[in-house]
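Visitor: pasting the sequence and the predicted model now:
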Number of protein chains: 6
Amino acid sequence: MQYPLSPDVKPEFCTTGSFMRLPSSREGARLAILGMPFDTAASFRVGARFGPQAIRQASMLLFPYNPVQGVFPFEETHGIDIGDLSVIPHSIHRSYAIIAAAVEDLLRRGIVPIGLGGDHSVTLATLRAAHRVHGPLALIHMDSHTDTWDTYYGEKYWHGSPFIRAAEEGLVDPAKVFQIGIRGTLNHPGDISASLDLGYNVITMRELRQRGMAAVVAEVKERIGQSPCFLSFDIDFVDPAFAPGTGTPEVGGYTSHETLELVRSLTGLNYVGFDVVEVLPSHDPAQITALLAATLVHEFAAHVALNL
Amino acid sequence: MQYPLSPDVKPEFCTTGSFMRLPSSREGARLAILGMPFDTAASFRVGARFGPQAIRQASMLLFPYNPVQGVFPFEETHGIDIGDLSVIPHSIHRSYAIIAAAVEDLLRRGIVPIGLGGDHSVTLATLRAAHRVHGPLALIHMDSHTDTWDTYYGEKYWHGSPFIRAAEEGLVDPAKVFQIGIRGTLNHPGDISASLDLGYNVITMRELRQRGMAAVVAEVKERIGQSPCFLSFDIDFVDPAFAPGTGTPEVGGYTSHETLELVRSLTGLNYVGFDVVEVLPSHDPAQITALLAATLVHEFAAHVALNL
Amino acid sequence: MQYPLSPDVKPEFCTTGSFMRLPSSREGARLAILGMPFDTAASFRVGARFGPQAIRQASMLLFPYNPVQGVFPFEETHGIDIGDLSVIPHSIHRSYAIIAAAVEDLLRRGIVPIGLGGDHSVTLATLRAAHRVHGPLALIHMDSHTDTWDTYYGEKYWHGSPFIRAAEEGLVDPAKVFQIGIRGTLNHPGDISASLDLGYNVITMRELRQRGMAAVVAEVKERIGQSPCFLSFDIDFVDPAFAPGTGTPEVGGYTSHETLELVRSLTGLNYVGFDVVEVLPSHDPAQITALLAATLVHEFAAHVALNL
Amino acid sequence: MQYPLSPDVKPEFCTTGSFMRLPSSREGARLAILGMPFDTAASFRVGARFGPQAIRQASMLLFPYNPVQGVFPFEETHGIDIGDLSVIPHSIHRSYAIIAAAVEDLLRRGIVPIGLGGDHSVTLATLRAAHRVHGPLALIHMDSHTDTWDTYYGEKYWHGSPFIRAAEEGLVDPAKVFQIGIRGTLNHPGDISASLDLGYNVITMRELRQRGMAAVVAEVKERIGQSPCFLSFDIDFVDPAFAPGTGTPEVGGYTSHETLELVRSLTGLNYVGFDVVEVLPSHDPAQITALLAATLVHEFAAHVALNL
Amino acid sequence: MQYPLSPDVKPEFCTTGSFMRLPSSREGARLAILGMPFDTAASFRVGARFGPQAIRQASMLLFPYNPVQGVFPFEETHGIDIGDLSVIPHSIHRSYAIIAAAVEDLLRRGIVPIGLGGDHSVTLATLRAAHRVHGPLALIHMDSHTDTWDTYYGEKYWHGSPFIRAAEEGLVDPAKVFQIGIRGTLNHPGDISASLDLGYNVITMRELRQRGMAAVVAEVKERIGQSPCFLSFDIDFVDPAFAPGTGTPEVGGYTSHETLELVRSLTGLNYVGFDVVEVLPSHDPAQITALLAATLVHEFAAHVALNL
Amino acid sequence: MQYPLSPDVKPEFCTTGSFMRLPSSREGARLAILGMPFDTAASFRVGARFGPQAIRQASMLLFPYNPVQGVFPFEETHGIDIGDLSVIPHSIHRSYAIIAAAVEDLLRRGIVPIGLGGDHSVTLATLRAAHRVHGPLALIHMDSHTDTWDTYYGEKYWHGSPFIRAAEEGLVDPAKVFQIGIRGTLNHPGDISASLDLGYNVITMRELRQRGMAAVVAEVKERIGQSPCFLSFDIDFVDPAFAPGTGTPEVGGYTSHETLELVRSLTGLNYVGFDVVEVLPSHDPAQITALLAATLVHEFAAHVALNL
């Protein structure tokens, strides 16, 4: 056995701390946190590979009990943290294989994964794994961007394309895909129609505000019903005042309070997995972005506990 | 006389600037600002000992007149700043004695104190002094945490316990204690019932939002009436976007606007003192937390002026 | 030719020194961005001379299309960026001459200027130029301060006086001047009456909230009508949580969402120019202030496009 | 079993990552890293409780082999990281007991401890444990301060007194104590004679430079010989340019190169333990202090390997 | 009397803390620290108006005794801190008058001034005052720039010209002016000959290193002899690693150790005043620049004490 | 026409997006700066894509004349800045083609390129281009790492392998390759023998210090003679105190002064190109790393001017 764990065996950006000091043994677990420190598919600021460790550090500010949902999310689910996956920054396809294998393994053990990104490209690998186990998925995608752009300088796999690829690969049931919080300037008016053309439901931040959270939540619940559902949360859904640490921030987002209320209200769905992505510690001087992400993980875990 | 003032005489974290450059002579004063740079009772991030100087620096951005309340708070009260108390980081009990003595001296001169923390443990010392002068107190406690945990690894005096100690010592009239803004994850469901068991009124952030500020303010005013009242403000009451510089931030809080409106609306009470605590400059890169705290001090001072 | 250089053509992390990599040739342009890096008229924090470059850097996060207004603001206006003016920090009057000449030149070519400050003193020079071309102006002034203080230690030209000077010089039609967002502590009650005495309309942040955005916008539109109108935006209009990077922040402001909605709703006016001032990069660690300012420039440009 | 590890069981500033991802099993180990996140004995800036996790994060930049000494320090010693000790910030004496017990346990197993502070007060606890096992110790103490002040406002146990206490308790052999790097302003000329009166050897930074590193190293080696020797390294030994992240920096120190050369040259001593203390992440914006501390740990480990 | 001190009376960037908490009464004092927070004569980064308060804050890390020189500088000189002068950022000439009057008043009382800048333009005002009292001065000017450029866009008074103006005004004896540490790129080869043409002695950083500190110090001492001598220290003399917080940093400078040794070795001169300028807190994230400046003030004070 | 735009003509805070505001027209140019913002081949911290713009911003602190070498580097070479190349972060091979084509085009026009990285992988593309034009190259490689590791998780092209690939591709004459400044921990003792096995000359930082700069420079000059020579400078050659903003810092490096002296002394070589890589703005809070890199570019340009 080698001392210490060599960078030849695991990239050195994969540290060893765990979320809220959770254990790692899969035995009996129903929920697992896992780091996906892949970030080279980003188009602007990079560095989200350090997102998982920042979220884990911020998680030390959290306590075990969620009083709004009335659960001990991690105790009730025997939650674990299996650490960072050994993704390879220089190969998205090999990284995808590693992520998909790890997620599929968890799912087949009956463990709900909560992924910590990494840039948003990691979600495609997770969806592939979830699809293998559960078939076509419902998807709640909270983000300021649709991430259904096709290519970036001819490259098909980047952090702006996971949800067009997901549709092409048949991983999701388009009628049960909700992209919520979309806002900001666009390359073309067609940026949003790309999603609509895929059959996705796009609820812009303006529409969310105009219709109100309750109405949107009701529609989402009704449409998705008990289909296996994945929730992917890009931290830039939230306004940069509340989440400055991200790669492509967009002003005019929800507050942290509104965000928590939205996530908490999405109860009763058949969640098969979650992720929170695009946390960028280099632009998070007071660690408030990481704290918000960690709090969201706590809320995701509460949904898992409520579903037991 | 020694040049300069030696660290043997006053700890070196006690600097000499004053809030808005107020004078220090107690003669004729009805209001005094005083620093309580004690922070070693904190459980997570430490460094609030530098809070008072940060608040004073930020106070340079303020002007003398409060147009919402229509008063010159410091001119009308002959407000002073008596500087930082020589607390001793390695002894909470000796620090408590120093704080309590200074506050009692002010109160007996008819001067209303506004303490600048320091961690929240300092409030217990202030309440002791106020109780000596005024008897059992009404208390408005704005915070994201109840701070009625009993012990921390067997230690009874820390920044999570001042309000259970206050009840045990009979410093407050429990029916007239309002803990407002409570939110976030908990150790146990019992964390809040600890306050309820003491007879305190707990108004969580969710309840505050659901009932509305006006209803809550009306209840507080009616219950407290003209009892001598202390207002203790933990800066983590506010959302971390508005107050990142604090030791145990909690997402989902009030905005600065909402906070100011709440504080401003609590007129007509018989205030005997105030404090603002848990400002942590090391996590406040743009000094917005300190500015918010300084602005709150200005609002507290306006209440004193209105009560003249 | 496309305006501006699209991220489809060159990745957005490849900057060029201009806003969204706009070209600089005045030929055919109807809109021009220009830097006014003058900041020595500030009274507290200085350094807004680096505001223009920070806004330009943040502009790399923007895309060409404004989906709310349905326009490609820069393509439709053949928008350009003519760079930073060679202001002289040690002479406000010579700097004013340089700014006024540059703005007048643009206006006479039928090009709408969008100035990037610098401190707020630069607006006086712009108003002089606009007045030469258009006569007395309507003015929408969004700010937390009225900037109608008379002198600063006997100096008449500083960042707190542009709008009293503008009235004295007859540059504006006082009845068509709206100062929106005013808040915070004051030197004297008279600070606001100085504006009222000039005949300006002052809408404090509290009034804006009490009356509601729609009512205020309606009044502004009705009063100003089709008069040539300048919009001057001090970034401290916005709450420091959303815009920490500024010289004299004031808590209790609008959110970024509210701010964008307000600016977007002011359609149909006869805009002859815009500026966004007081962006201070040294206090903007995550660049969210600069991003908000850049987004506002995009919105201003949309107004120009809508007016074509 | 509880999920996750509760703050009731271990303070929440004790995270779970390990140095260079070392394992934790004591089986077969000859070297152990352990965190001592106690910082409330500091007199100025606090927050060194977060030093251990910062050093561990920075350790990810290190590789297994030390080419100067020609060893694989951790592989050869079967090095482990046993995590952070559950110190109690509000009780130095209970924290001392916890630290001393853990260190003694390691020493009795034949494992050389490398402690990560925390403030310098932790060294006293370590020396107590080492003394129990090895008797009076030689001590190499690198620091800009002697830390032989007696009391701080009457408190005997603080980060300025561990080495006067150590002498009083008979933990060290004064003739074999070397305090190296002392510099900066003093309270009294007697600050240094306090050390001399204890029989310690004080080598100021000026003397170190004047005599040269080689001469000093030779003297240290000769005097200490094969006595059991502890090396305590306060990061403020180094100049603040190279180690800004510390609580009481002192300009005029060694460079990182000089520091490494000094530490590397102290071969052939009978080391029974090491620590590196006073790393303060809140003042280490680029993490260079933590990296230097981690590199020193690597060098300490090399000494252990060379002694096998 | 007004409460609090209004910004109408003193600019709000003039805070009230004192260096090492020195008193302010001129009675019996032989040394005075005074802030000169004027910074609008800078050509690049601005913000040195906050230098004095940063230096004062950092001074809290210093102790009363200087062991290298063997003096208690402030006790022996009855040192005081008279606070920040009410300079006016928008008028260099009025600021000059204020500075010169204050310095002259001190000098006539037999008090040696140590000015805290502010940008380097303040030194001209100080030299004027010193010249009025002492006649033509010897000058030791440590800097990376000669500051003998003539004009900046036609403006004669800026931070790059104080020493050409000083010569023109006859304030210095050119043969006794030493500019030490000059380095970096230049506008023209003539930048240095401008100083030589004035009759100044220019010792570049390269020459200082080649000849060695001792030789240069010997020459300076011999040439200056007992002429009344002013020492002006621009913090950019030091390498940016040791002093990042400055407006126009220049790589390749002295270390803090070398700098202290140089300053300490310049004993036996007839010092009539000192200043340390161009400390820019906005670029000093760990406050090491301010600490170095404060330490230099301590050394300057030691020279005054040695001269008593 | 003057190269570059002088601060006499436009204040240096007025940027334009190019290094020292150089023009871009290739006409008559003998030297070109170009950005290579490719950073996804990094193994630890990413974000060097923002290095070029940080270096350009810092270049505003430089002046046209280099007094040590006695040249106006940019005027004499008609230096230009052709901007950032449109590299594609998701494809190293397509990025390599873009870089190589741009560099080859410059070289064929007789223009010496100075590349601004980006991570160190970009150098391979540059060497390919230079090899096409000049045949096998001499190489001076200043770095703390050899960058001759073979693969990273099976990927051959990453920032740790350019110099093993260069040898394999025959781009360099191994006997004329000098790797200078190597230090720090290693994966295996073989990390350095990998370079030696390629026939490279490895001069570790310790050897550089032991033999002295002059001896090493003499050897380099003698061995390389007038072979076409490329100089590749990884900013982590320098100690982190002087260059904190980099991805894989290594303590114990040269100071900025030593670095400049080394680079300046390497005169008389037949330079065909230069680069400076691995500048990471997210870890450069005071911009001193970018300033050092910009200063090195100025020195490189001086070599080109001296060779005219």
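Guide: Perfect, thanks for sending it. Note that this is a predicted model, so its numbers are computed, not measured.
Visitor: adjacent strands (with direction) for the lengthiest strand in chain A?
Guide: Across chain A, the longest stretch assigned as strand under DSSP state E is strand A:172-182. Partners of strand A:172-182 in the sheet, by DSSP bridges, are strand A:137-142 (parallel), strand A:201-204 (parallel).
Visitor: and the longest one, what's its mean pLDDT?
Guide: Spelled out, it's strand A:137-142. For strand A:137-142, mean pLDDT is 98.
Visitor: pull the CA atoms of that strand into CSV?
Guide: The C-alpha trace of strand A:137-142 is given here as CSV (Å, rounded to 0.1, in the frame of the first residue of the first chain):
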residue,chain,number,x,y,z
LEU,A,137,-36.8,10.6,-16.7
ALA,A,138,-38.7,13.6,-15.6
LEU,A,139,-36.4,16.5,-15.0
ILE,A,140,-36.6,19.6,-13.0
HIS,A,141,-33.8,21.9,-14.1
MET,A,142,-33.3,25.1,-12.2
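Visitor: past that strand, which element shows up next along the chain?
Guide: Using DSSP states H and E, the helix or strand that follows strand A:137-142 towards the C-terminus is helix A:162-168.
Visitor: what about the closest residue to chain B within the stretch 201-308 of chain A, how many neighbours?
Guide: When scored by C-beta to the nearest C-beta, the stretch 201-308 of chain A has residue A:286 as its residue closest to chain B, at 3.5 Å. Backbone N, C-alpha and C define where each C-beta goes, glycine included. By the criterion of other C-beta atoms under 10 Å in any protein chain shown, residue A:286 has 26 neighbours.
Visitor: distance check, it against residue A:238.
Guide: Here residue A:286 is placed at a distance of 15 Å from residue A:238 (C-beta to C-beta, to the nearest Å).
Visitor: check residue A:135 too.
Guide: 31 Å.
Visitor: looking at the two, which is more packed in?
Guide: residue A:238 (30 against 12).
Visitor: which strand residues bridge that one?
Guide: Bridge pairing for residue A:238 (DSSP bridges) gives the partners residue A:254.
Visitor: related to what we said a few turns ago, can you redo the strands paired with strand A:172-182 as CSV with mean neighbour count?
Guide: Listed next are these as CSV, based on neighbours: other C-beta atoms under 10 Å in any protein chain shown:
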stretch, mean neighbour count
strand A:137-142, 26
strand A:201-204, 19
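Visitor: among those, which comes closest to residue D:38?
Guide: strand A:137-142 (41.2 Å; C-beta to C-beta).
Visitor: list of residues touching the closest one?
Guide: Strand A:137-142 has contacts (C-beta atoms under 8 Å, 6 or more residues apart in numbering or on different chains) with A:127, A:130-131, A:147, A:163, A:166, A:171-173, A:176-181, A:220, A:223-224, A:227-234, A:237, A:259, A:262-263, A:266, A:269, A:272.
Visitor: near chain B, which residues of the stretch 51-200 of chain A are found?
Guide: The stretch 51-200 of chain A comes close to chain B at residues A:60-68, A:70, as judged by C-beta under 8 Å from any C-beta of the partner chain.
Visitor: what about 7 Å?
Guide: Taking C-beta under 7 Å from any C-beta of the partner chain as the contact definition, the stretch 51-200 of chain A meets chain B at A:61-67.
Visitor: in PyMOL, how would I select the buried members of the residues you listed?
Guide: A single PyMOL command selects the buried members of these (16 or more other C-beta atoms under 10 Å in any protein chain shown):
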select buried, chain A and resi 61+62+63+64+65+66+67
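Visitor: just checking, residue A:74 touches residue A:22?
Guide: Yes. Using C-beta atoms under 7 Å, residue A:74 is in contact with residue A:22, at 6.3 Å.
Visitor: quick check: residues of chain A near chain F?
Guide: Residues of chain A lying near chain F (C-beta under 7 Å from any C-beta): A:6-8, A:11-13, A:39-41, A:45-47, A:88-91, A:152-153, A:155, A:158, A:282.
Visitor: could I have the buried ones of the contacts of strand A:137-142 as PyMOL selection syntax?
Guide: With 16+ other C-beta under 10 Å as the criterion, this PyMOL line picks the buried residues out of the contacts of strand A:137-142:
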select buried, chain A and resi 127+130+131+147+163+166+171+172+173+176+177+178+179+180+181+220+224+227+228+229+230+231+232+233+234+237+259+262+263+266+269+272
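Visitor: pick out the most distant pair among the residues of the stretch 51-200 of chain A next to chain B.
Guide: Between all members of these, the farthest pair (by C-beta to C-beta) comes out as A:61 and A:67, at 15.6 Å.
Visitor: and the strands in chain A?
Guide: So, for chain A - with DSSP E - the strands run A:31-36, A:80-84, A:112-117, A:137-142, A:172-182, A:201-204, A:228-234, A:270-277.
Visitor: could you list every residue that touches residue A:188?
Guide: Contact criterion C-beta atoms under 7 Å, 6 or more residues apart in numbering or on different chains gives residue C:65 as the residues in contact with residue A:188.
Visitor: flag the shaky bits of chain A, pLDDT-wise.
Guide: A:1-5 (pLDDT under 70).
Visitor: recalculate using a threshold of 50.
Guide: A:1 (pLDDT under 50).
Visitor: most centrally placed residue in it?
Guide: The residue lying closest to the centre of chain A (C-alpha atoms, centre = their mean) is residue A:275, at 2.3 Å.
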